[in-house]
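Chemist: With the sequence up front, the predicted model follows.
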Amino acid sequence: MSLPRLISAMTVTILLLSSLLYAVPPASCVFDTFSAPDGYTLSQVNGVSDDGTVVGQLVNNNTQEFVGFTRAPGGKVTEYAAPKALTTWLYGRNGIGANAGFYQDKAYPQHVHGFLLQGGAMTVVNHPGAVNTWLFTANQLGESVGSFSSGTLIKGFRLLNGKYTTVAYPGALTTYPMAVNDNGEIVGTYSSTLVSNGFVWENGKFTTLNFPKAKYGTVLTGVNNSGVIVGNHMTGDNSYGFIYENGAFQNIVYSGAKFTMAGGINNNGVISGQIYLTGQSYLGYTAVCK
C-alpha cells in the first residue's frame, strides 16, 4: 500500500473510532403521552413533581394567549394566567405542590416577574433592582432558583430564606440556573456566544457539563435528589433530550418522533418533556427510562 493510501486509511479508521467513542446510546424508556386540552396547543412541557404532576405552558388557539398549566397524574389539566399578565409560564413544581414560574406584564415597557404559586396563593418574586426576573423551580426545602437581567447581562440567583445569592458563570453573558434538588445542587446553562453550555453548581463551584460534540450547545433542565440530570442538546433548529447518570449520557428517543425534549425529572426517576411529530404535532410525556 502506498504511503498516501495508508495515511488515508488511518485517517478513516481514526474518524470511525472517534465516532464510536462519542456515540451515545438510547435509553430504554416507557412513555406515557398526552395531548393538549381542547382549544389549546402545547407550547412547553417542563417540570414534574414526585406525585407525577406536570407543569408547562399552553397557547390558546383562539386568542393566542400563552398560559401556564398543571396536569395531574389522572389527566386533569388546569390552566393558570397570572393577574394582568400578557403571558404566563409554569416551569417547575416541587414535591409539596409549589409551582414556580414567571409572567410578562401588560405595562409599557413590559417586564418579566417570577412567582411561586401554591394552593391558589401567588407570591411575586422580583430580584432587587432587576429589570426582569425569571423563576424556574423550587426544591422542597424552600430554596428556589432563577435569573435576572441587569444591564446587558443575565445572571442567575439562588433564593433561600429571603436571601439572594448570585449564581453567574465567570465571564458569561447569560446564566440560567434551571433546577435545584434538595441537596442544593443546581443545574442550568450559560453562554458568552451563540453556543450554550450546561453547568452544575455546587457549594459555589461551577462544573461545565456538555453533551458530547453538541454542535449548537447543551441546556440542563432537571436534577433529582439522586443526582440524575436531564437536559437537551441542540443540533440546528432541533433539540434532543438526554439523561446523564453515573458519568454516562443516554439519549431519550420516542419512536417515530422528529425529536424528543426533556423538561424535568422527579425523585422517582420520572422524566417529563415534549415530543415533536411530523406535521407540527406535539405531545407531552412522562417516561421511566433505564
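Modeler: It's in.
Chemist: what separates residue 77 from residue 68, distance-wise?
Modeler: 11 Å (CB to CB, to the nearest Å). Glycine gets a C-beta too; all of them are placed from N, C-alpha and C.
Chemist: To clarify, my last question referred to residue 262.
Modeler: 19 Å.
Chemist: which residue ranges form the strands in the stretch 151-290 of the chain?
Modeler: Using DSSP state E, counting those that start in this stretch, the strands assigned to the stretch 151-290 of the chain run over residues 153-160, 163-167, 174-180, 186-191, 197-202, 205-208, 218-223, 229-235, 238-245, 248-251, 259-265, 270-277, 281-289.
Chemist: pLDDT value on residue 194, please?
Modeler: Note for residue 194: predicted pLDDT of 85.
Chemist: That one and residue 174, how far apart?
Modeler: Remark: distance between residue 194 and residue 174 (CB to CB) = 11 Å.
Chemist: neighbour count winner among these two?
Modeler: In this view residue 194 and residue 174 are compared by other CB atoms under 10 Å, and residue 174 has more residues nearby, 19 against 7.
Chemist: of residue 77 and residue 68, who's got more company?
Modeler: Applying other CB under 10 Å to residue 77 and residue 68 shows that residue 68 carries more neighbours, namely 28 against 17.
Chemist: check contacts around the more buried one.
Modeler: Going by CB atoms under 8 Å, 6 or more residues apart in numbering, residue 68 touches 55-58, 79-82, 88-90, 99, 101.
Chemist: One more pass at 7 Å, please.
Modeler: 55, 57, 80, 88-90, 101 (CB atoms under 7 Å, 6 or more residues apart in numbering).
Chemist: Then residue 51?
Modeler: By CB under 7 Å, 6+ apart, the contact list for residue 51 reads residue 73.
Chemist: distance of it from residue 71?
Modeler: 11 Å.
Chemist: ok, residue 174 - contacts?
Modeler: 154, 190-191.
Chemist: ok, it to residue 34 distance?
Modeler: Distance of residue 174 to residue 34, computed by CB to CB: 32 Å.
Chemist: Give the burial count for residue 273, as a bare number.
Modeler: Neighbourhood size, residue 273 [other CB under 10 Å]: 30.
Chemist: Surely it is in contact with residue 260?
Modeler: Yes: the pair residue 273 and residue 260 qualifies as a contact (CB atoms under 7 Å) at a distance of 6.5 Å.
Chemist: what residues do the two have in common as contacts?
Modeler: Contacts common to residue 273 and residue 260, judged by CB under 7 Å, 6+ apart, are residue 241.
Chemist: what about dumping the CA coordinates of stretch 133-146 to CSV?
Modeler: Only the C-alpha atoms of stretch 133-146 are listed here, as CSV (Å, rounded to 0.1, in the frame of the first residue of the first chain):
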residue,chain,number,x,y,z
THR,A,133,-36.8,38.2,36.9
TRP,A,134,-37.4,34.6,35.8
LEU,A,135,-38.1,31.9,38.4
PHE,A,136,-37.6,28.3,37.3
THR,A,137,-38.1,26.0,40.2
ALA,A,138,-38.0,25.5,43.9
ASN,A,139,-37.0,22.5,46.0
GLN,A,140,-38.8,21.0,48.9
LEU,A,141,-36.7,22.9,51.4
GLY,A,142,-37.8,26.4,50.2
GLU,A,143,-34.8,27.1,48.0
SER,A,144,-35.6,28.5,44.6
VAL,A,145,-33.5,29.4,41.6
GLY,A,146,-33.9,31.7,38.6
